[in-house]
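Visitor: Give me a 3D structure for the following:
(one chain, ligands or ions: 4)
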Amino acid sequence: MRLSRYFLPTLRETPKEAEIVSHRLMLRAGLVRQESAGIYAWLPLGLRVLNKVCAVIREEQDRSGAVELLMPTVQSAELWRESGRYEAYGKEMLRITDRHEREMLYGPTAEEVITEIFRASVRSYKDLPKNLYQISWKFRDEVRPRFGTMRSREFLMKDAYSFDLDQAGARHAYNRMFVAYLRTFAGLGLKAIPMRADTGPIGGDLSHEFIILASTGESEVFCDRAYLDFEIPPATTDFEDVPGLQGIVDAWTSHYAATDEMHEPDAFAEVPEASRLSARGIEVGHIFYFGTKYSEPMGAKVTGPDGIERPVHMGSYGIGPSRLVAAIIEASHDEAGIVWPDAVAPFDVALINLKVGDAATDGACAEIQAQLEAAGMSVLYDDRDERPGAKFATADLIGLPWQVIVGPKGLAEGRVELKRRATGERETLAPVDLLARLK
Ligand code: ATP
Ligand code: MG
Ligand code: MG
Ligand code: MG
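Guide: Ligands and ions are numbered 1, 2, ... in the order given. As a prediction, this is how the structure comes out:
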């Protein structure tokens, strides 16, 4: 992609309204633009990151056995009356009346819709277990939308819903998601710690929040440092292995870790002092088991092997991709800008032409771009007629993992410069050697 043809509205000034670094950098790097309070447009560079985050989430959801679908964002109030949540949900719900005076709403979550879909077609235990997920926009009329896409009103959520015949089955479904979440956050370059959490308005009795430690986090959390060095379950993990998954979850819940609602100071005091960590955290994921809370009132029943009908046991499992983009920046930036982890970088390489219009330099850049793209790398080629300083600043600000710097002086000696954004390390090499170095 040539930058001259792209759409990258970067800002030189730091926007005053942005209180935290990720919000400042997302605005400055041209990732998003606020359209109304807590409502953002995702600009091309931001959208590429968001899509990469979703790709990692999808890969791990699919690996764990979940199946993707897509539900409507606008839902009927009727369904929410069936579950009893329509009144209870309160002001966070954006309520809409259509031209026929029907009460609708913009979904803040989708337990009711998925339960309706399930009950319409599943009748027997033989069709279980099932886990259905979607990645879709949600709306919550947050009292205090802030910190950019960290707490917005319209936001993207991956929400999965599991259906099992009994509690033991549901426990395994929960464990699948628990392990999938560990892998997802690690795949995004983050250290997320599962913490015992309150179940809130969704209800139920088994719940963990996945928390990233960050000084700007809105949650107060308490945990054992040991988790920071725990091993992430490998891609070869067998998700059908019931005791195997339980073993992983047992290990990952063996030490103290709780959010403030669930915090027990006496139990925390027993953690060795050197391991005790009380910090701020960002909730990036949340998993719940809530049994028959929705299936019972909404009549989502299946027949068991004994021929008796009973309500299915359900769980729901959320991740916030749009919040994650901000959380990743909170965890990975420096004074010059964003430092994207490789897995979510919007492009792999920033190709910087130091002398646009110079035939040799233009030619070398075109060749390098073609060579890297043919090998499957994505390249953002800065072919703008700008000073080198401005190009370097843009490249650092948008944080692509590699910068390839091409100018007439180096080319005269057959060399280009390669810079690793994360470390600032530089080396010079022949253009033909770039690919081997980057792969
Ligand atoms: P919070 O405590 O931050 O308000 P929540 O507990 O209300 O979040 P859940 O209902 O558990 O959120 O939703 C699942 C996930 O959706 C959260 O873990 C988070 O990653 C994401 N999420 C929730 N609210 C927002 C929001 N306003 N903006 C961006 N992401 C959000
Ligand atoms: Mg909330
Ligand atoms: Mg919460
Ligand atoms: Mg939550």
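Visitor: quick one: contacts for Gly217?
Guide: Gly217 sits next to Ile211, Ala279, Arg280, Gly281, Ile282, Glu283 when contact means C-beta atoms under 8 Å, 6 or more residues apart in numbering. Where you see a C-beta, it was placed from the backbone N, CA and C, and this is true even at glycine.
Visitor: Wait, a strand at the fourth one?
Guide: Just to be clear, that refers to Gly281. Yes. The assignment for Gly281 by DSSP: H, G, I helix; E, B strand; the rest coil puts it in a strand.
Visitor: out of everything not next to it in sequence, what's closest to Pro6?
Guide: Quick fix: residue 6 reads Tyr, not Pro. Distances taken as C-beta to C-beta, 6 or more residues apart in numbering place Pro44 nearest to Tyr6, at 6.5 Å, with adjacent residues excluded.
Visitor: most neighbours, which of the contacts of Gly217?
Guide: Ile211 (30 neighbours; other C-beta atoms under 10 Å).
Visitor: check whether the helix or strand where that one lies contacts ligand 1.
Guide: If you go by DSSP states H and E, Ile211 is part of strand 206-213. No. Counting by C-beta under 6 Å from any ligand atom, ligand 1 is not contacted by strand 206-213; separation bottoms out at 6.7 Å.
Visitor: Listing partners with orientation, what would you give for that strand?
Guide: strand 192-196 (antiparallel), strand 276-291 (antiparallel) (DSSP bridges).
Visitor: who wins for proximity to ligand 1 among the ones you listed?
Guide: strand 276-291 (3.4 Å; C-beta to the nearest ligand atom).
Visitor: Leu156 pairs with what?
Guide: Bridge pairing for Leu156 (DSSP bridges) gives the partners Trp137.
Visitor: hmm, I was thinking of Asp164
Guide: When bridges are called by DSSP bridges, Asp164 pairs up with His313.
Visitor: Please report how far Leu11 lies from Ala350.
Guide: Distance from Leu11 to Ala350, counting by C-beta to C-beta, to the nearest Å: 18 Å.
Visitor: Who has more neighbours out of those two?
Guide: When Leu11 and Ala350 are compared for neighbours, Ala350 comes out ahead with 26 against 12, by other C-beta under 10 Å.
Visitor: Contacts only, for the more buried one.
Guide: Val379, Leu380, Asp382, Ala395, Ile398, Leu400, Trp402, Gln403, Val404.
Visitor: rerun that using 6 Å as the cut-off
Guide: Applying C-beta atoms under 6 Å, 6 or more residues apart in numbering, we find Ala350 in contact with Leu380, Ala395, Leu400, Gln403.
Visitor: any idea which element the last one lies in?
Guide: Counting by DSSP H and E, the element that carries Gln403 is strand 402-406.
Visitor: hmm, who's touching that strand?
Guide: Outside of strand 402-406, the residues within contact range by C-beta under 6 Å, 6+ apart are 349-353, 361, 364-365, 395, 416-419.
Visitor: Which residues belonging to stretch 168-178 are considered buried?
Guide: Gly169, Ala170, Arg171, His172, Ala173, Tyr174, Asn175, Arg176, Met177, Phe178 (16 or more other C-beta atoms under 10 Å).
Visitor: actually stretch 139-158, not the one I typed
Guide: By neighbour count with 16+ other C-beta under 10 Å, stretch 139-158 contains the buried residues 139-141, 145-158.
Visitor: Same list, the buried residues of stretch 168-178, but as a markdown table with distance to ligand 1 please.
Guide: Below are the buried residues of stretch 168-178 laid out as a markdown table (distance: C-beta to the nearest ligand atom, whole Å):
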| residue | distance to ligand 1 |
| --- | --- |
| Gly169 | 23 |
| Ala170 | 18 |
| Arg171 | 20 |
| His172 | 21 |
| Ala173 | 17 |
| Tyr174 | 15 |
| Asn175 | 19 |
| Arg176 | 17 |
| Met177 | 12 |
| Phe178 | 14 |
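Visitor: Where helices are concerned, which of the residues you listed count?
Guide: Among the buried residues of stretch 168-178, DSSP state H puts Gly169, Ala170, Arg171, His172, Ala173, Tyr174, Asn175, Arg176, Met177, Phe178 in helices.
Visitor: Leaving out sequence neighbours, find the closest residue to the third one.
Guide: Distances taken as C-beta to C-beta, 6+ apart put Tyr289 closest to Arg171, at 7.2 Å, once the chain neighbours are dropped.
Visitor: and Ala422, what does it touch?
Guide: Val339.
Visitor: quick one, phi/psi of it?
Guide: Backbone torsions of Ala422, given as degrees, to the nearest 10, read phi -70, psi -40.
Visitor: swap in Glu60?
Guide: In terms of degrees, to the nearest 10, the main-chain angles of Glu60 are phi -80, psi -30.
Visitor: Report the strands that pair with the strand holding Gln403, each with its relative direction.
Guide: Here, using DSSP bridges, strand 402-406 pairs with strand 349-353 (parallel), strand 416-420 (antiparallel).
Visitor: tell me the average confidence for it?
Guide: Average pLDDT, strand 402-406: 98.
Visitor: Now the element after it, going C-ward?
Guide: Per DSSP H and E, the first helix or strand lying C-terminal to strand 402-406 is helix 408-412.
Visitor: Low-confidence bits of this protein, can you list those?
Guide: For the chain, the stretches flagged by pLDDT under 70 are 200-205.
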